[in-house]
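Colleague: 3D model of this:
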Amino acid sequence: MTEPTAPVGIFSGVTLPFTPADLVSSGNELLGLVGAFVLLGMAFVFVPKIIRVIRSSFGSSK
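Modeller: Below you'll find the predicted structure:
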C-alpha cells in the first residue's frame, strides 16, 4: 500500500507571514475591542423582554 501524498494545488509553496497562534491572538484582541459594543447591542434587545416578563409575573399574581 502506498503512502498518501499531499494534494498539489495552486497554493503549493506559498508561505504565510503569520501563524495560527497569531490569528487566535488577533481574534481575541478584536473581540476585546468590539465586545463591549456587542454586549450593549444585546442589552437593547433583551432588557425590554426581561422587563416585560417581570411585569407580567407581578401582574398575574393579583
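
Colleague: any idea how many residues pack against Ala36?
Modeller: The local packing of Ala36 (other Cβ atoms under 10 Å) involves 9 other residues. C-beta coordinates here come from the backbone N, C-alpha and C atoms, glycine included.

Colleague: where does it fall, secondary structure wise?
Modeller: Assigned by DSSP states H and E, Ala36 belongs to helix 20-59.

Colleague: in contact with the most centrally placed residue in the chain, which residues?
Modeller: In the chain, the centroid-proximal residue (Cα atoms, centre = their mean) is Leu31; its distance is 7.7 Å. When the contact criterion is Cβ atoms under 8 Å, 6 or more residues apart in numbering, Leu31 has no partners at all.

Colleague: could you check how far it is from Ser25?
Modeller: 11 Å (Cβ to Cβ, to the nearest Å).

Colleague: low-confidence ranges in this protein?
Modeller: Along the chain, segments meeting pLDDT under 70 span 1, 6-8, 60-62.

Colleague: now do 80
Modeller: The model of the chain has pLDDT under 80 over residues 1-13, 60-62.

Colleague: Thr15 in helix, strand or coil?
Modeller: Classification of Thr15 by DSSP: H, G, I helix; E, B strand; the rest coil places it in coil.

Colleague: oh, I was asking about Ser12
Modeller: Assigned with three-state DSSP, Ser12 falls in the coil class.

Colleague: kindly provide the distance from it to Thr19.
Modeller: For Ser12, the distance to Thr19 (Cβ to Cβ) stands at 19 Å.
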